[in-house]
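K.L.:
can't give you the sequence, but here's the structure:
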């Protein structure tokens, strides 16, 4: 039952996020607004209520599974990419390599200085 | 009823897509552990390959599978909200290092998108493909929202997410060694910032501290990109 109560919290915050996005026309997704509102609430409470933890923990652990139905779709759109996929692959792999090196170097330098 | 007819009847239920997804996820995780957790072959990649092969084998068209799997993907909304909990739990870390992170995050998160976009643009990729690659380092539930807003293809973006996550998990260890970096906080933050959930899973395999900094990097990159990318996209006129 606690997990169910926590799930209601999460769904409730998502719906509040949806309402905020609809009313304000912000270019942000409802989930992100809900997440920020939940964080703000927890800061005010100064703790994570047990039901929220009971629902949030397993859901976060399942994130990888929840995106799988979408990820699989990439194998079925390769035809629609009109031969662009080598460009995409090169950009992603080289871009990520450069970006990983930049982040490591930058954060290390910033932490050494202080 | 013959075997084909039976399969058709079963495949007509959305629960068939749900069962297929759960099975692929569970088997892939077991296989991943059996293979001694290789950095270049995360469980998500194994699961996606198995699922694609299963759909092709059964002859279930992807749009029909997707329709049934909505029963699972619907949970992405509340799962995004759930990320607020680890974010709250990491506030002490954020406070202790806030100066460094405040400087590093905007630069590193922007570079994560810009390098790949720059290379793709130089190689002549059309705008709709660029829009699908822009959120490549953002955790999936947030990235889906961003991509829909800037007019990219969600399917392509999720593929880009997979490639980026796998590349981050594979590159970060060797790159840190090359740059003589041993601080697990730096390695963890880099894994989460660049490799979203896949990088974060990798960081937890290194140590709990690396994992905490990876979730921090992942959440902050998600928020930063969600707030600024649609705006930036609009300003440079990348939108349709």
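P.N.:
All right, it came through fine. These figures come from a predicted structure and were not determined experimentally.

K.L.:
The residue of chain B found nearest chain A: neighbouring residues, count only.
P.N.:
Evaluated by Cβ to the nearest Cβ, chain B has residue B:145 as its residue closest to chain A, separated by 2.4 Å. All C-beta atoms are positioned from the backbone trio N, CA, C, and that covers glycine. Counted with other Cβ atoms under 10 Å in any protein chain shown, residues neighbouring residue B:145 total 26.

K.L.:
my read: it touches residue A:31, true?
P.N.:
Yes: if you go by Cβ atoms under 8 Å, residue B:145 and residue A:31 touch, sitting 6.4 Å apart.

K.L.:
show me what contacts residue A:111?
P.N.:
For residue A:111, the contacting residues are B:97, B:100, B:183, B:185, B:186, by Cβ atoms under 8 Å, 6 or more residues apart in numbering or on different chains.

K.L.:
Show me the helices in the chain, by range?
P.N.:
I went with chain A, as the question did not name one. Using DSSP state H, the helices of chain A run over residues A:2-24, A:30-45, A:50-61, A:63-72, A:85-113.

K.L.:
Hmm, no, I was thinking of chain B.
P.N.:
Assignment of helices within chain B using DSSP H yields the ranges B:3-11, B:14-34, B:43-58, B:62-73, B:76-82, B:84-89, B:91-96, B:98-122, B:127-133, B:140-150, B:154-178, B:184-206, B:208-235.

K.L.:
Mean pLDDT added to those helices, as TSV?
P.N.:
Listed next are the helices of chain B as TSV, based on pLDDT from 0 to 100:
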stretch	mean pLDDT
helix B:3-11	77
helix B:14-34	94
helix B:43-58	91
helix B:62-73	91
helix B:76-82	89
helix B:84-89	88
helix B:91-96	84
helix B:98-122	94
helix B:127-133	93
helix B:140-150	87
helix B:154-178	93
helix B:184-206	90
helix B:208-235	87
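
K.L.:
With chain A in mind, check whether stretch B:150-169 reaches it.
P.N.:
Yes: residues of stretch B:150-169 are located near chain A by Cβ under 8 Å from any Cβ of the partner chain, namely B:153-156, B:158-164, B:167-168.

K.L.:
Who are the contact partners of residue 50?
P.N.:
I went with chain A, as the question did not name one. Listed by Cβ under 8 Å, 6+ apart, the contact partners of residue A:50 are A:2, A:6.

K.L.:
hmm, I had chain B in mind actually
P.N.:
B:24, B:27, B:28.
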